[in-house]
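[1] Any chance you could fold what I've pasted below:
(2 chains)
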Amino acid sequence: MDTPVLLVVLPLLTAFSLGIIKTFSKKLVKAVTVISATVHLALIISVVREAMQSPIVYHLGDWDNLLGISLVIDSFSAMMALLVGVLSYGVIIYSLVYVDFHELKYYVLSFLLIAGVMGMSLTGDLFNLYVFFEIVSITSYALVAIKEEEASFEGAFKYLVMGMLSGTFVLLAIILTYQVTGALNFAQVAANFGDAPMLVRQTIFVFFLIGFGTKFCLVPLHAWLPDVYCGAPASFNALSSGIVIKASLYAFIRIVFLLFGMTAGIGQILIYWGVITFLVAHTLAYQQESLKRLLGYSSIAQIGYILLAIGLGTESGIIAGSYHIFNDGLMKATLFLGVGIFSYAVGASKIDDLRGLGFSMPKISFAFVIATLAIIGLPPFNGFISKWLILQAAWETEYIVAAFFIPVGSLLSLAYYLKVIKALYSRPEREIEVKPIDWKLRVPTYVLSAACLVMGIIPGLSLALIENIPKFLLDSSNYINLLLGR
Amino acid sequence: MRKFASLIIVVLLSGLLLMTFLSLSTADYDLSEHYINHGAEETKALNLVTAILFDYRAFDTLGEATVVFAVASTIAFLVPKRTASMISARFSIIMQQTTSLLIPFLFMIGAYIIAYGHISPGGGFAGGVILAVITILITVTFGIRYSDRQVRPEIKSFMESFGAMGFVLLGFIGIVLGGNFLANANSTLDLGVKGELISSGIIPHINLMTGLKVAAGLSIMFNSLIKEE
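    Next up, the predicted model:
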């Protein structure tokens, strides 16, 4: 069947067609958006169900696996695809009311962004990965600036400069990889990569680390993110924190496991860098007054946890890390959508502005608080489960120091998220006038927030999806054989 | 101090790169060997670059075309709206007449390069750029208002969307014929005789769509960048 490629092509086609549809009828634009997003979600679910049975390989243009480009959907890609599907659907519904600036462009760019992230998660080709990486980057810069405020331009410009730097490093690494392997297809690259000289391999690793690391915010390379989040629309923040950053992280993890394998050396780099990342990010988040900056630093911190878990290089570590990718996507999307509603209803952007909103918007605040508790890592929410799994995995492999700092990080995040919760439920100084909130804003937030709870109470739901991830990551020959069709 | 720090970083990076390049090994380039030896036979496109761009790796090209599309639609709304000094320059009648004289020839070259992209050097991207030069020339010599009147911005963005959609829809031909997305040489299409204008399946059509898209996209970018308001 041809559904795998439709996951990428359908959003592309929608983005291209919106411009033409607009010339016929402006009302149709939103209808087409919703229909396309719904079909997209349905397709994703069917592909993911199929991929859970057995991994899918799709050859574009019917070329055999070495000549052309292939899409590969193993468990890891399927999990990313599901995350992209759920979050993008929620965000598109949310945007119908939230976005009142450059509407047409917003939808066009959002669909391109979704197509790009989807392409990054599904592709089995190194250069194809870069092409989609560029699509994601360029649409992200544009979506940051789309409100045309001072802060958004500043954020977009910083993002652009950092993004171009990271793109250069990634491209250089890909060129070097092609030079030493003579191939671009993941399977063949992985098979030939061992023959390359040590120095070249080290350089390639460093370039991938810096290139993708800038995008997923390793700590000294993270400085762009809070500024970017400040000026961007909340709907983009949800997508960015939930899937855009994660897509770069996904690409990095995929490449590291395929090309280098998780050797002890690389593992240690990632583990300690992860610990430093979340400690620094938590500390910086504590000092923030702006909600979006706080959540931005918190996003960086979660990346640290994931890197730590993946760096352990064991089966339990990979399961814990990928589960945290999924959970953090859900939690961060809920939080950002919640912040978007607060700013839509009363214009709140700082923690102090939330004062008393817990009483005037009880349901939204409750959904928001659920997500905050989840991201701190309190039971019975999903964040607790994945952090617990990470802790356990670190303990098993005797990275005691790293394991020790995980609860420390949670304590730090408790400190700053409590400030937010306290502000929400403290008595306001004066009456607050609340704009009525459309269901299109509320429902996605509720659903995502409920997902945080459900994933925590019945973790089996998603564990069934991720239990096969280590099989294709740890033993790269499985992936190679899958892609080469052996 | 700052410059000194940058200098150190640049020297370190270039040192690393130099060492890497010195120890660079070469591999068996089976992939490129295959393209060179069998590419023209398999796709019936004499221009190998086109064969790779629009058949073997057509999905990449779709992505690249999307990048141009995204950039054009971004620049269209994200530009500082100030008068550019270049536009206020008045050109003499000689310049204007020469430009008018050139335009048909430019159109011919652009159309030729797009249409013959699979036979001779060129293709949708190169030809599209030449077509875009037409509107750019009009804008520079006659001013942006005149240029926007001649080819209205709505028409340009329509053309751009149409080209991009056409690319994707042509890709579906492969699926309709029972193959995979963007299947051409491996589908049941009649590829024709190598070297003729009507040959190599959907490649010339995709070339045409890419040409339309790139031409419209670049002229949108140029006109929005120097817009005066």
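[2] The stretch 1-150 of chain A: strands as residue ranges?
    Under the criterion DSSP state E, counting those that start in this stretch, the stretch 1-150 of chain A contains strands at A:56-59, A:70-73.
[3] Now tabulate these in a markdown table and tack on mean pLDDT, mean neighbour count and distance to chain B.
    C-beta coordinates here come from the backbone N, C-alpha and C atoms, glycine included. Listed next are those as a markdown table, based on pLDDT from 0 to 100; neighbours: other CB atoms under 10 Å in any protein chain shown; distance: least, CB to the nearest CB, whole Å:
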| stretch | mean pLDDT | mean neighbour count | distance to chain B |
| --- | --- | --- | --- |
| strand A:56-59 | 92 | 20 | 6 |
| strand A:70-73 | 93 | 26 | 9 |
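[4] Now tabulate those in JSON lines and tack on distance to B:T20.
    Formatted as JSON lines, these follow (distance: least, CB to CB, whole Å):
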{"stretch": "strand A:56-59", "distance to B:T20": "33"}
{"stretch": "strand A:70-73", "distance to B:T20": "29"}
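[5] Where does pLDDT dip in chain A?
    A:1 (pLDDT under 70).
[6] Look through it and report the residue furthest from the middle.
    Here chain A reaches farthest from its C-alpha mean at A:R430, the gap being 38.5 Å by CA atoms, centre = their mean.
[7] what sits against A:K246?
    A:80, A:83, A:216, A:325, A:328-329 (CB atoms under 8 Å, 6 or more residues apart in numbering or on different chains).
[8] ok, which pair from the residues you listed is furthest apart?
    A:L83 and A:F216 (14.6 Å; CB to CB).
[9] Pick out the residue nearest the middle of chain B.
    So for chain B, CA atoms, centre = their mean, it's B:F125, sitting 2.4 Å from the centre.
[10] With adjacent residues omitted, what lies nearest to that one?
    Of all residues beyond its chain neighbours, the one nearest B:F125 is B:V214 (5.6 Å), with distances taken as CB to CB, 6 or more residues apart in numbering or on different chains.
[11] A:V136 too?
    Nearest to A:V136 is A:G116, by CB to CB, 6+ apart, at 3.8 Å.
[12] follow-up on the earlier one: run through the neighbouring helices and strands of the helix or strand containing the residue nearest to B:F125.
    Per DSSP states H and E, B:V214 falls inside helix B:203-225. Secondary-structure packing of helix B:203-225 (3 or more CB pairs under 8 Å, 6 or more residues apart in numbering or on different chains; DSSP states H and E): helix B:48-51, helix B:58-77, helix B:93-115, helix B:124-142, helix B:144-150, helix B:153-176.
[13] so how far is the shortest one off the chain centroid?
    Translated: helix B:48-51. Counting by CA atoms, centre = their mean, to the nearest Å, helix B:48-51 is centred 14 Å from the centre of its parent chain.
[14] Is it positioned near chain A?
    No - for helix B:48-51, no contact with chain A is found by CB under 8 Å from any CB of the partner chain; the gap never falls below 11.0 Å.
[15] buried residues in that helix?
    By 16 or more other CB atoms under 10 Å in any protein chain shown, the buried positions in helix B:48-51 come out as B:49-51.
[16] Also the fifth one?
    Burial within helix B:144-150, assessed by neighbour count using 16+ other CB under 10 Å, is assigned to B:144, B:147-148.
[17] Can you redo those as TSV, where the extra columns are distance to A:E289 and pLDDT?
    Formatted as TSV, the buried residues of helix B:144-150 follow (distance: CB to CB, whole Å; pLDDT from 0 to 100):
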residue	distance to A:E289	pLDDT
B:I144	45	82
B:S147	48	85
B:D148	46	84
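[18] could those go into JSON lines alongside distance to chain A?
    Shown next, in JSON lines, are the buried residues of helix B:144-150 (distance: CB to the nearest CB, whole Å):
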{"residue": "B:I144", "distance to chain A": "21"}
{"residue": "B:S147", "distance to chain A": "20"}
{"residue": "B:D148", "distance to chain A": "17"}
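[19] contacting residues for A:L171?
    Per CB under 8 Å, 6+ apart, neighbours of A:L171: A:130, A:211.
[20] what about it, which SS state?
    At A:L171 the chain is in helix, as set by DSSP: H, G, I helix; E, B strand; the rest coil.
[21] Quickly note the distance from it to A:A115.
    20 Å (CB to CB, to the nearest Å).
[22] what do you get for B:N207?
    22 Å.
[23] same check, this time on A:F208
    23 Å.
[24] okay, the closest residue to B:Q96 other than its chain neighbours: pLDDT?
    Closest residue in space to B:Q96, ignoring its immediate chain neighbours: B:T141 at 5.5 Å, by CB to CB, 6+ apart. On the pLDDT scale, B:T141 is placed at 88.
[25] my read: A:F368 touches A:M331, true?
    No - contact criterion CB atoms under 8 Å: A:F368 and A:M331 do not qualify, at 10.7 Å.
[26] These two: which has the busier surroundings?
    A:M331 (32 against 26; other CB atoms under 10 Å in any protein chain shown).
[27] Is it correct that the more buried one falls within a helix?
    Yes - with three-state DSSP as the criterion, A:M331 is part of a helix.
[28] what number of residues lie near A:T283?
    A:T283: 15 neighbours (other CB under 10 Å).
[29] for it, what are its contacts?
    A:L412.
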